[in-house]
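Visitor: show me the folded form of this:
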Amino acid sequence: MASDAQILAPTSAAGEGADPRRWLTLAILLLAAFMNLLDVSIVNIAIPSIQRNLNASYADVQWALAGYTLAYALVLITGGRLGDTFGRKRLFLIGVIGFTIMSALCGAAQSPGMLIASRVVQGAMGAIMVPQVLAMIQVMFPPSERIKALAGFGVTAGLGTVSGPLLGGLLIQHNLFGLDWRPIFLINVPVGIIAVAASAVLVRESRAPQPPRLDPVGVGLISAALLLLLYPLVQGRQLGWPTWTFVSMAAAAPVLAGFVWYERVKTRRDGSPLVPLSLFRERGFSAGMGIVIAFFLGIASFGLVLTLFLQLGLGFTPLHAGLTFLPFSLGVLVASGAAARLAPRFGRGVTMAGALISAAGTVSVIAIVHHYGVGVTTWELTPGLAAAGLGLGAVIAPLADIVLDRVPTRHAGSASGVFNTGLQLGNSIGIAVIGVIFFGLLGAQAAPAASAVAPQLRTGLVAAGVPAGHTSRIEAQFGVCLHDRLVAADPTVTPPSCRTGAVGAALPPAAHGVLASAGGSAVRHDFAASLQRTLWFQAGVFLLSFLLMLVLPAGAGRRRAGDSAPGVQTPVSISNAPSGSTVATMTEGGSS
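Guide: Numbering: from 1, shown residues only. Modelled structure (predicted):
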């Protein structure tokens with residue numbers, strides 16, 4: 001997070017004190033930020049390749065995604081304070097070096113556990129690096145130039161949104177040096193080396209004059225509460241939902257209550273809590289944080305299930321899947337720019353429209369898949385995905401300004417950090433919850449999918465010369481095999497029920513091709529049916545976000561010419577969301 005001292009740090013004047021190399025320095029800072037932003041959106045496209053190469057389970061995939069965003073969220077809230085205290089340049093270099101090393105380890109991972117561990121540390125390093133970028137922009141640039149510098153960060157975020165799926169698809173499709181999915185991480189290594197070398201020379205050191213104290217106990221308590229909730233959500237399905245998973249989720253509530261109690265004690269003791277609880281007394285902030293968490297429950301999970309549907313269900317190549325996401329990414333980029341201009345006039349109305357558009361786009365995708373079924377193409381998905389992207393851009397661009405509108409100046413940085421943390425937690429929880437829903441539906445829809453291809457299977461077996469007495473037995477075993485394969489924790493292992501010996505008869509060679517064809521068709525039907533039902537969760541949380549927006553003050557986000565946000569001087573919020581939904585949000589409410 002960026003602390004009060006960061007956000008309101010003394011800045012350079014436009015004259016003699018301004019750093020003459022500030023624009024070149026900005027380019028280096030944005031290069032490092034782009035590396036972090038890209039890594040959020042590029043990984044989804046590699047999920048099927050990672051599963052095949054590392055024999056990873058569905059839970060492993062969820063942890064590779066949720067572990068990064070969870071670590072980012074938890075360390076972000078302290079990362080800015082570390083820069084204030086020990087030097088922003090120093091922490092930036094530590095963050096970039098750590099991020100680069102972890103990227104190399106991700107690319108070299110030999111097991112799911114190694115990949116997950118490297119991703120978690122990579123997220124933590126990103127959370128140390130990114131707040132320093134914002135703080136150094138604040139320090140380097142005079143007020144007359146700062147909005148241009150922040151706009152550069154916005155463009156960088158937009159490019160990360162658009163280029164992530166495409167670049168990931170290209171790297172995997174061309175299988176550089178026979179490395180399969182690994183170049184999506186290894187590409188960060190040369191970028192990180194350039195950023196470290198250039199920033200060591202160009203970036204000036206800066207610190208806050210009165211840095212706030214750290215709150216390690218608060219970090220520990222909130223981390224424990226979130227892990228108690230998320231770990232059983234991600235692992236429960238794979239383990240068969242033992243009793244301890246429910247006990248763990250229930251225990252998250254008292255630990256969270258302990259965190260709230262401790263933050264009150266910390267406030268009275270030294271005035272440096274991890275989260276100033278007084279922020280939540282303002283209706284706009286408390287309702288806004290509910291909107292942030294609710295809305296982003298649906299964003300990262302939307303990208304996850306759609307990637308699995310396109311690649312595992314329909315058999316799209318990574319590049320084809322990346323191109324399919326392009327309308328969504330472009331929608332985010334276009335709408336975020338338009339909403340930033342419209343929000344000062346229409347306030348919360350822009351975000352309300354965006355939430356409804358997101359819901360409508362999601363329902364459109366459901367309707368399209370329902371209509372075209374397993375034959376759906378990229379062109380047919382384009383309108384719904386573009387609408388979902390437009391809705392996301394319309395919500396996230398002005399949302400930070402609305403949430404931070406009435407935050408007192410002394411808490412501007414803390415509020416910005418809480419906002420970003422809420423966004424990341426929404427992403428992490430959404431990925432965990434959607435895993436329970438989607439992967440559970442894959443098993444539940446196996447029987448209808450097997451029934452849908454039963455005529456094809458029956459006709460093919462007869463044509464292949466299978467005796468009539470064996471056909472019904474094979475058909476029944478086919479349904480069992482389909483279910484077992486779809487609910488398997490490790491999708492690379494063939495279940496016993498899928499071995500031809502399970503039917504108790506030798507099959508003619510032609511029958512194996514019939515079974516493979518029918519199996520592929522059944523998997524496509526299953527994924528299509530499961531996707532349609534799962535996306536109602538996303539549509540529901542977008543509509544919930546719309547309802548929460550009604551709680552915001554009626555004039556939230558509106559500005560008249562020359563107005564500034566009450567009490568807030570220059571809050572800056574950077575939103576970092578997975579699945580190709582990374583957007584930079586900048587609010588300028590006055591001078592520093």
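Visitor: longest helix in the chain, please.
Guide: Longest helix in the chain by number of residues (criterion: DSSP state H): helix 509-549.
Visitor: show me what that one is packed up against.
Guide: Packed against helix 509-549 by the contact rule (3 or more CB pairs under 8 Å, 6 or more residues apart in numbering; DSSP states H and E) you find helix 283-297, helix 299-308, helix 348-372, helix 412-444, helix 446-463, helix 468-487. Yep, even glycine has a C-beta here, placed from its N, CA and C like the rest.
Visitor: give me the angle between that helix and helix 348-372.
Guide: 160 degrees (axes from the mean of the first three to the mean of the last three CA atoms, to 10 degrees).
Visitor: and the helices and strands packed on helix 509-549 as TSV, adding distance to Ala127, mean pLDDT and mean neighbour count?
Guide: Formatted as TSV, the helices and strands packed on helix 509-549 follow (distance: least, CB to CB, whole Å; pLDDT from 0 to 100; neighbours: other CB atoms under 10 Å):
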stretch	distance to Ala127	mean pLDDT	mean neighbour count
helix 283-297	16	87	23
helix 299-308	16	84	27
helix 348-372	26	93	21
helix 412-444	9	79	24
helix 446-463	40	84	18
helix 468-487	35	80	18
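Visitor: closest one to Arg524 among the ones you listed?
Guide: Among the helices and strands packed on helix 509-549, the nearest to Arg524 by CB to CB is helix 446-463 (8.2 Å).
Visitor: what angle sits between the closest one and helix 468-487?
Guide: On the basis of the same axes, to 10 degrees, helix 446-463 is oriented at 140 degrees to helix 468-487.
Visitor: can I get helix 446-463 in PDB, CA atoms only?
Guide: Backbone C-alpha positions of helix 446-463 (Å, rounded to 0.1, in the frame of the first residue of the first chain) are rendered in PDB as follows:
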ATOM      1  CA  ALA A 446     -21.300 -35.800 -16.600                       C
ATOM      2  CA  ALA A 447     -24.500 -37.900 -16.800                       C
ATOM      3  CA  PRO A 448     -26.400 -35.500 -19.000                       C
ATOM      4  CA  ALA A 449     -23.300 -35.100 -21.200                       C
ATOM      5  CA  ALA A 450     -23.000 -38.900 -21.600                       C
ATOM      6  CA  SER A 451     -26.700 -39.100 -22.400                       C
ATOM      7  CA  ALA A 452     -26.300 -36.400 -25.100                       C
ATOM      8  CA  VAL A 453     -23.700 -38.500 -27.000                       C
ATOM      9  CA  ALA A 454     -25.200 -41.900 -26.300                       C
ATOM     10  CA  PRO A 455     -26.800 -42.200 -29.800                       C
ATOM     11  CA  GLN A 456     -23.500 -41.300 -31.400                       C
ATOM     12  CA  LEU A 457     -21.700 -43.800 -29.300                       C
ATOM     13  CA  ARG A 458     -24.200 -46.600 -29.900                       C
ATOM     14  CA  THR A 459     -24.200 -46.100 -33.600                       C
ATOM     15  CA  GLY A 460     -20.500 -46.000 -33.800                       C
ATOM     16  CA  LEU A 461     -20.000 -49.100 -31.700                       C
ATOM     17  CA  VAL A 462     -22.400 -51.100 -33.900                       C
ATOM     18  CA  ALA A 463     -20.600 -49.900 -37.000                       C
END
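Visitor: please state the offset of that helix from the chain centre?
Guide: Between the centre of helix 446-463 and the centre of its chain there are 38 Å (CA atoms, centre = their mean, to the nearest Å).
Visitor: what helices or strands is that helix leaning on?
Guide: Against helix 446-463 (3+ CB pairs under 8 Å, 6+ apart) you get helix 468-487, helix 509-549.
Visitor: could you give the angle of that helix to helix 412-444?
Guide: On the basis of the same axes, to 10 degrees, helix 446-463 is oriented at 40 degrees to helix 412-444.
Visitor: tell me which residues are up against helix 446-463.
Guide: Applying CB atoms under 8 Å, 6 or more residues apart in numbering, the contact partners of helix 446-463 are 468, 470-471, 474-475, 478-479, 482-483, 486-487, 510-511, 514-515, 517-518, 521-523, 525-526, 529.
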